[in-house]
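Student: I'd like to go over a predicted model; first the sequence, then the structure.
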Amino acid sequence: MTKTKPLAAKSKTPAVKKPKAARPILKQPLVTGQLWRVMDMNLRVGLIGKILVHYKLAKPNAVRIPNSVSGKTTVEEYLKKNKAVLIESPAVVA
């Protein structure tokens, strides 16, 4: 006969799995033409690609507004962190 080892006592805490890196979820997904109110500034969403977002961030009555480009996740995190409010959404064409 072969001797068997006694079973080790199982730990009470289950194995912890690492969560997948998920994008933060906004109430509204980013769509071309949206206008978000962030603190005392407006963020106008321009073109949206797979990874990058073109946008303009400036005070409401600014004359010249530079174009900026950042990653989708970066813009979404910025909007969520600063509690942005959606002011204007483009009309949905049926």
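Tutor: Yep, that arrived.

Student: wait, is Thr74 part of a helix?
Tutor: Yes. Using DSSP: H, G, I helix; E, B strand; the rest coil, the assignment for Thr74 is a helix.

Student: tell me which stretches of this structure form strands.
Tutor: For the chain, the strands defined by DSSP state E occupy 35-38, 41-48, 52-58, 67-71, 85-88.

Student: using CSV, write out every CA atom in the lowest-mean-pLDDT helix or strand in the chain.
Tutor: Ranking every helix and strand in the chain by mean pLDDT, DSSP states H and E puts strand 85-88 at the bottom, with a mean of 92. As requested, the backbone C-alpha atoms of strand 85-88 are provided in CSV (Å, rounded to 0.1, in the frame of the first residue of the first chain):
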residue,chain,number,x,y,z
VAL,A,85,-22.6,67.4,-17.2
LEU,A,86,-23.8,66.8,-20.7
ILE,A,87,-25.3,70.0,-22.0
GLU,A,88,-25.8,69.3,-25.6
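
Student: that one pairs with which strands?
Tutor: strand 35-38 (antiparallel) (DSSP bridges).

Student: low-confidence stretches in the protein?
Tutor: Within the chain, the ranges that satisfy pLDDT under 70 run 1-26, 92-94.

Student: tally of neighbours for Phe89?
Tutor: For residue 89 the amino acid is Ser, not Phe. 13 (other CB atoms under 10 Å). No exception for glycine: its C-beta is placed from N, CA and C like everyone else's.

Student: Ile65 reaches Lys56, doesn't it?
Tutor: Yes. Counting by CB atoms under 8 Å, Ile65 touches Lys56, with 4.5 Å between them.

Student: with neighbour numbers in mind, choose between the two.
Tutor: Lys56 (16 against 13).

Student: I figured the more buried one hits Pro66, correct?
Tutor: Yes. Counting by CB under 8 Å, Lys56 touches Pro66, with 7.1 Å between them.

Student: ok so, going back, quick one, which of the strands of the chain is nearest to Leu79?
Tutor: strand 35-38 (5.9 Å; CB to CB).
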